[in-house]
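# can you look at this prediction? I've put the sequence above it.
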Amino acid sequence: MEKSNSPVSVPCGIAAAVCSVFLAAVTLCFFRAPLFLLLPAAAGLFLLLRQISQVHNRRLFVCNAVFSLLLAISFIAGNKANLQSGQTMSSFLHNDLLPLAALGAVFFICFSCMSDFIGRHPVHLCRKRRRLSPGKMWLASTLVLFFSWIPCLFVFYPGNISGDSVACIACALGKVPLSNQQPLLYILLIRPVLQFAFAIGRDINFGAALFLTLQTAVMAVVIGYFFCWLTQKGAAPWIQILCMAYFVLNPVFSIYAVTMWKDILFSAFTLLYLLQLYNILQSGGEKLQSLGYLVGFVLLNILLCFLRNNGYYLVFVTLVILAVLYRKYWKRVLPAFLAVLILVPVIQGPGYKAANVAASPFAESVGIPLQQIGYTVANDGAVTVEQKAFLNQILPLDTMKKSYRPYIVNPIKFNSAFNNNFLESHKGEFIKVWAQMLRPNWKKYVKAYLMETVGYWHIGTANWIALYGAVDPEMCRMVGIVQPDAVSFAWSRGAVKNSLDCLQKQIPVLSLILSIGFLFWAVLYAAFQMIIQKRRKKLLLLVPLLLLWLTLMVATPTFCEFRYMFAFSIAFPLVVLLSFPVEQREKMNSPRHLKTE
């Protein structure tokens with residue numbers, strides 16, 4: 001970064017000191033922090049101001065100004081859309097401008113200095129520093145991860161089973177018709193494992209535990225490949241040690257590895273997808289010329305599409321961008337990518353219908369419109385007689401008014417009076433009525449949207465993260481799952497729960513890795529760093545994650561669900577590394593480098 005060594009004048013220094021005290025005071029008041037932190041915070045800001053006064057990089061300042069303003073807005077809006085606001089959300093007022101400006105200024109100072117630091121400290125890669133071959137590193141990492149996570153299965157035997165898990169098991173056992181509400185591929189992965197357990201004379205508890213053992217193994221293999229990939233690129237051992245500590249010591253990974261959710265495998269393979277995108281970009285598209293690599297990449301795209309219902313949107317946009325970037329290879333790339341983009345909707349549409357696989361209910365994809373209508377009805381918004389008549393056929397408005405909860409759509413869409421059949425047969429009319437109500441109820445729609453999505457963009461919003469064991473014994477017994485009453489594991493179960501609760505609620509800085517709002521902003525910050533460093537092609541590496549976030553912002557059923565964003569958590573070490581420029585060195589301790597990325 002360009003720097004100036006000119007001395008700061010006394011008046012400028014005094015102005016900077018006063019500004020630092022003022023900004024620190026407003027910021028501490030906004031976050032309700034103790035005032036004894038005022039002097040340390042002001043001193044820190046003053047030093048950072050002196051630091052950025054020596055930086056002359058217009059791109060850095062513009063990018064950080066935009067990022068800081070967006071982040072400041074998220075804090076102001078999130079403070080109003082918090083869980084204590086009840087059924088409604090307070091409006092934005094003129095007195096919000098002062099904390100908005102102060103937060104924006106503080107963030108700008110801090111993130112500008114951070115960007116300057118990142119730009120001056122590239123990640124040095126050197127393939128000659130390898131002590132283990134990539135294959136051995138993959139095997140070693142896989143074993144370390146697997147044996148770090150699998151004890152959780154014994155503690156919560158036969159695993160962590162939720163209502164969604166029971167729905168998957170019921171479909172796998174044939175107790176209910178097949179449905180794509182839970183991805184069909186995940187159900188089809190469960191079925192043969194349960195059948196194998198029955199074939200050898202074991203019960204469904206053993207079958208569920210066996211499946212989760214295999215899921216843990218797959219997750220360990222995929223994340224273990226990340227360390228193989230780091231070794232191939234020549235990453236320093238200390239980077240790999242920090243990444244391994246993240247995956248081993250963070251309790252969310254051991255708990256999620258033995259939880260029967262579709263999100264787990266999808267998130268793991270999303271990391272693999274990002275690594276393959278990096279390889280393609282680094283090769284300048286040459287990787288796509290290899291038939292074997294192209295086939296593997298196509299299969300990975302298909303896997304993402306079938307492991308979660310919003311996977312297709314991630315794949316669609318990513319493949320379109322790749323096809324444009326490497327259009328010179330269109331003869332090989334275009335047919336392969338078109339095959340994915342056409343084949344998947346054909347299978348999930350007419351194919352599933354022919355196989356009597358029920359489609360995911362329409363209500364699942366219109367959770368936010370339902371919430372906006374619910375907020376409008378609950379707060380006596382403008383609704384015409386014709387609109388009321390239509391909405392009454394979906395759910396009586398009195399019932400909707402009583403059932404509406406600002407942070408979750410389930411009380412509406414799972415209400416016993418909710419007419420799902422009517423909604424399925426009147427999809428177009430529903431969208432039309434929702435759109436007609438938008439203009440006269442604009443503010444209500446915005447508030448409902450912010451409250452329903454607050455956890456995905458506000459760092460201060462938290463919710464439950466994990467479940468432990470069979471959370472609903474009565475529902476689990478419907479499919480034969482019974483969690484043993486193992487007194488010997490009572491202490492272990494409490495220890496696992498307490499470790500996650502402690503990390504989330506009692507460790508101020510480290511707790512951020514369990515905030516999906518923070519994980520989103522970390523990805524966005526990495527994107528801005530790529531722009532600052534003129535690595536715009538590398539932005540493609542973050543596109544799948546940002547698209548995943550966008551799909552949740554369009555159709556999330558609840559305000560803050562960590563498992564929906566678990567891919568962000570798995571990819572976090574990679575995102576941090578992508579924030580830094582890269583220098584490829586010829587050998588260790590060499591000032592020369594082959595290439596800067």
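Received the coordinates, thanks. Numbering: from 1, shown residues only.

# CA atoms for contacts and neighbours, from now on please.
Will do.

# what's the domain layout of this structure?
What automatic domain parsing lists as the domains of the chain is 10-121, 125-359+466-585, 362-456.

# now mean pLDDT and mean neighbour count too, for those domains, in CSV please.
Converted to CSV, the domains of the chain look like this (pLDDT from 0 to 100; neighbours: other CA atoms under 10 Å):
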stretch, mean pLDDT, mean neighbour count
domain 10-121, 92, 17
domain 125-359+466-585, 94, 18
domain 362-456, 95, 18
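
# state the phi and psi torsions of N160.
With angles defined as degrees, to the nearest 10, N160 sits at phi -90, psi 110.

# what's the helix or strand for the nearest residue to L45 once chain neighbours are set aside?
Leaving out its chain neighbours, the residue that sits closest to L45 by CA to CA, 6 or more residues apart in numbering is S20, at 5.5 Å. Following DSSP states H and E, one finds S20 within helix 10-30.

# after that helix, next one along is what?
helix 38-52.

# give me the residues contacting that following helix.
Residues outside helix 38-52 that contact it (CA atoms under 8 Å, 6 or more residues apart in numbering): 16-17, 20-25, 28, 106, 109-110, 112-113.

# repeat that with 7 Å
Here helix 38-52 makes contact (CA atoms under 7 Å, 6 or more residues apart in numbering) with 16-17, 20-21, 24-25, 109-110, 112-113.

# what do you get for stretch 62-74?
With CA under 7 Å, 6+ apart, stretch 62-74 has contacts from 100, 103-104, 107-108, 111-112, 457-458, 528, 532.

# out of the contacts of helix 38-52, the closest to A495 would be?
Nearest to A495 among the contacts of helix 38-52, counting by CA to CA, is C110 at 36.8 Å.

# can you tell me how far that closest one is from A41?
12 Å (CA to CA, to the nearest Å).

# same question, V221
Applying CA to CA to V221 and A41 gives a distance of 44 Å.

# what sits against the closest residue to W457 other than its chain neighbours?
Once flanking residues are discounted, W457 sits nearest to G517: 4.5 Å by CA to CA, 6+ apart. Neighbouring residues of G517 by CA under 7 Å, 6+ apart: 455-459.

# what helix or strand is G517 located in?
helix 516-532.

# past that helix, which element shows up next along the chain?
Next along from helix 516-532, by DSSP H and E: helix 543-555.

# which strands and helices lie in contact with the helix or strand just after that following helix?
Next in sequence after helix 543-555, counting helices and strands by DSSP H and E, comes helix 566-578. Judged by 3 or more CA pairs under 7 Å, 6 or more residues apart in numbering; DSSP states H and E, helix 566-578 is in contact with helix 262-282, helix 516-532.

# which elements pack onto the helix or strand following the longest one?
So the one you mean is helix 262-282. As assigned by DSSP H and E, the chain's next helix or strand after helix 262-282 is helix 291-307. Counting contacts by 3+ CA pairs under 7 Å, 6+ apart, helix 291-307 packs against helix 184-199, helix 262-282, helix 311-325, helix 330-346.

# TSV please, covering those helices and showing distance to I239.
Converted to TSV, the helices and strands packed on helix 291-307 look like this (distance: least, CA to CA, whole Å):
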stretch	distance to I239
helix 184-199	34
helix 262-282	16
helix 311-325	28
helix 330-346	34
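
# between those, which one is closest to F580.
Nearest to F580, of the helices and strands packed on helix 291-307 and by CA to CA, is helix 262-282 at 14.3 Å.

# I'd like to check the angle between the closest one and helix 311-325, please.
With axes from the mean of the first three to the mean of the last three CA atoms, to 10 degrees defining the directions, helix 262-282 sits at 0 degrees from helix 311-325.

# using PDB, list the CA coordinates for helix 262-282.
Only the C-alpha atoms of helix 262-282 are listed here, as PDB (Å, rounded to 0.1, in the frame of the first residue of the first chain):
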ATOM      1  CA  LYS A 262     -29.300 -32.700   4.900                       C
ATOM      2  CA  ASP A 263     -27.300 -29.500   5.500                       C
ATOM      3  CA  ILE A 264     -24.300 -31.300   6.900                       C
ATOM      4  CA  LEU A 265     -23.200 -33.200   3.700                       C
ATOM      5  CA  PHE A 266     -24.300 -30.200   1.500                       C
ATOM      6  CA  SER A 267     -22.100 -27.800   3.400                       C
ATOM      7  CA  ALA A 268     -19.100 -30.200   3.300                       C
ATOM      8  CA  PHE A 269     -19.400 -30.600  -0.400                       C
ATOM      9  CA  THR A 270     -19.800 -26.900  -0.800                       C
ATOM     10  CA  LEU A 271     -16.200 -26.500   0.600                       C
ATOM     11  CA  LEU A 272     -15.000 -29.100  -1.900                       C
ATOM     12  CA  TYR A 273     -16.800 -27.100  -4.700                       C
ATOM     13  CA  LEU A 274     -15.000 -23.900  -3.700                       C
ATOM     14  CA  LEU A 275     -11.600 -25.700  -3.700                       C
ATOM     15  CA  GLN A 276     -12.300 -27.000  -7.200                       C
ATOM     16  CA  LEU A 277     -13.300 -23.500  -8.400                       C
ATOM     17  CA  TYR A 278     -10.000 -22.200  -7.100                       C
ATOM     18  CA  ASN A 279      -8.100 -24.900  -9.000                       C
ATOM     19  CA  ILE A 280     -10.000 -24.000 -12.200                       C
ATOM     20  CA  LEU A 281      -9.300 -20.200 -11.800                       C
ATOM     21  CA  GLN A 282      -5.600 -20.800 -10.900                       C
END
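
# on that earlier part again, farthest-apart pair in the contacts of G517, please.
Y456 and I459 (8.1 Å).

# may I have the helix holding S20 exported as PDB, CA atoms only?
Coordinates of each C-alpha in helix 10-30 appear next as PDB, following Å, rounded to 0.1, in the frame of the first residue of the first chain:
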ATOM      1  CA  VAL A  10      -0.400  19.700  16.100                       C
ATOM      2  CA  PRO A  11      -3.900  21.000  15.200                       C
ATOM      3  CA  CYS A  12      -4.600  17.900  13.100                       C
ATOM      4  CA  GLY A  13      -3.500  15.800  16.000                       C
ATOM      5  CA  ILE A  14      -5.800  17.600  18.400                       C
ATOM      6  CA  ALA A  15      -8.700  17.300  16.000                       C
ATOM      7  CA  ALA A  16      -8.000  13.600  15.600                       C
ATOM      8  CA  ALA A  17      -7.900  13.100  19.400                       C
ATOM      9  CA  VAL A  18     -11.200  14.900  19.900                       C
ATOM     10  CA  CYS A  19     -12.800  13.000  17.100                       C
ATOM     11  CA  SER A  20     -11.500   9.700  18.600                       C
ATOM     12  CA  VAL A  21     -13.000  10.500  22.000                       C
ATOM     13  CA  PHE A  22     -16.300  11.500  20.400                       C
ATOM     14  CA  LEU A  23     -16.600   8.400  18.200                       C
ATOM     15  CA  ALA A  24     -15.600   6.100  21.000                       C
ATOM     16  CA  ALA A  25     -18.200   7.600  23.300                       C
ATOM     17  CA  VAL A  26     -21.000   7.300  20.800                       C
ATOM     18  CA  THR A  27     -20.000   3.700  19.900                       C
ATOM     19  CA  LEU A  28     -19.800   2.600  23.500                       C
ATOM     20  CA  CYS A  29     -23.100   4.100  24.300                       C
ATOM     21  CA  PHE A  30     -24.700   2.300  21.300                       C
END
